[in-house]
Structure formats: structure tokens, C-alpha cells
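Novice: The sequence and its predicted three-dimensional model are supplied below.
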Amino acid sequence: MQHIFQLEASLMKNILNTTALAATLVLGGYGVAFAQGSGTAPHATGMGQQGSGMTQPGAQTQGSAGATQATRMNEEQIRTLLGARGYSDFENMERDGDTFRIASAERYGKEVEDLRVDARTGRVQDEARLTEDQARKLLENRGYSEISDVSRDDDTITAKAKQNDREVRLRIDAETGVVTQQMASN
């Protein structure tokens, strides 16, 4: 019985991680702000408390002329967001206005040079799609084992793997890195 609870806990953790990552990818910086607990309105201040004076990364604020503008994320927030997308080993990160420039980094084991990231949304400009090798590394990082039959069909990468001693078929969106799974028939 305890084994079933462990499987359910592991599955829930994977679902929550995937949901959080998908929200970040779809909603950009505002998704990060929302996930961190800001209010539901685009003008909400930090941690959902009106008048706290703090704004969340990517949240929108009212300018003096009433124009709405998104706040810029700081370097730590950009590192966290990129880390969730598989980036690591950042070299020479510098802000240039509304853009962070990173001389080099790794994404799932592959070196990436001259990375440009929008400081307001966290979106990587001209981001390359995942390769089959990067998809394999992504799956390993998420706890899958015995990864096989990795192949690409346009923007979808498919693979077979094991998770918790069960064989699964996986689909990875090469553009976003979102992983979906189906039980494989044995």
C-alpha cells in the first residue's frame, strides 16, 4: 500500500512541476509573478497585498501618465526562470536596457552562445528548438530511465522510457520543452 502512495506522490510532483513550467512558458514573466502569489489583476502589487509597494517580476504597474508597463526582472529571477527551462552554467550575464545578454550557457548539456533574454517577460529571443539529445537529457533530469526510441517529427520529439518501473511513451514539445506521457502497452 505504501508503494502506491509513493507512486501517487511522485506522479503529483511531476504533474505540479510540469504545470508550473507550462504556466511559466505560456504566460512568460507575468506567469512567474502570478505563480509567486500576486493578485489576479495585472496591476496587483507584491504578494497579493494592495499597497505593499512591491511588484512581482513581470507584473504590470501604472506609470505616472497612466500607461501600463511591465517591471523588469532582476538577474536572480532570470537565472531561476532559465534554470526551469534547462539552462545552466551562465557566463557573463549583463543587463542592456530591457534585455539580458549572456555570453554562453548550457541547455540540457548543449552549449548556447549569445543568449538574449527579455527582462520583462523572461522570453529567450531566437531560442533554438530542443534536439533529440537535449530531450534525452531533459527526461533524465526529470527522473526517467531506460530512455529509448528517441525520434523527431517536426516540433514533436517522441521517446519511450521508464518511470517508477512502468514503461511510458513520451511526447516532448521541441519548442517549449513540455513533456506529456501515455502508458505504453507491454
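Specialist: That came through fine.
Novice: Which parts of this protein are strands?
Specialist: With strands called from DSSP state E, the chain shows them at 60-62, 68-70, 87-96, 99-107, 110-118, 145-153, 156-163, 166-173, 179-183.
Novice: which other helices and strands contact the fourth one?
Specialist: To tie it back to what came earlier, the one meant is strand 99-107. With contacts taken as 3 or more Cβ pairs under 8 Å, 6 or more residues apart in numbering; DSSP states H and E, strand 99-107 sits against helix 75-84, strand 87-96, strand 110-118. The way it works is simple: take the backbone N, C-alpha and C, and place the C-beta from them, glycine included.
Novice: And the fifth one, by the same measure?
Specialist: The criterion is 3+ Cβ pairs under 8 Å, 6+ apart, and the helices and strands that strand 110-118 contacts are strand 99-107.
Novice: need the strands of the chain in TSV with mean pLDDT and distance to residue 78, can you?
Specialist: What follows is the strands of the chain, written out as TSV (pLDDT from 0 to 100; distance: least, Cβ to Cβ, whole Å):
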stretch	mean pLDDT	distance to residue 78
strand 60-62	48	18
strand 68-70	58	14
strand 87-96	94	7
strand 99-107	95	5
strand 110-118	94	6
strand 145-153	93	29
strand 156-163	93	26
strand 166-173	93	22
strand 179-183	80	23
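Novice: In a markdown table: those, plus mean neighbour count and distance to residue 138.
Specialist: Output for the strands of the chain, formatted as a markdown table (neighbours: other Cβ atoms under 10 Å; distance: least, Cβ to Cβ, whole Å):
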| stretch | mean neighbour count | distance to residue 138 |
| --- | --- | --- |
| strand 60-62 | 15 | 31 |
| strand 68-70 | 14 | 28 |
| strand 87-96 | 13 | 12 |
| strand 99-107 | 18 | 9 |
| strand 110-118 | 15 | 11 |
| strand 145-153 | 12 | 10 |
| strand 156-163 | 18 | 9 |
| strand 166-173 | 17 | 7 |
| strand 179-183 | 14 | 7 |
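Novice: Identify the residue nearest residue 181 in space, chain neighbours excluded?
Specialist: Excluding its sequence neighbours, the residue lying closest to residue 181 (Cβ to Cβ, 6 or more residues apart in numbering) is residue 168, at 4.6 Å.
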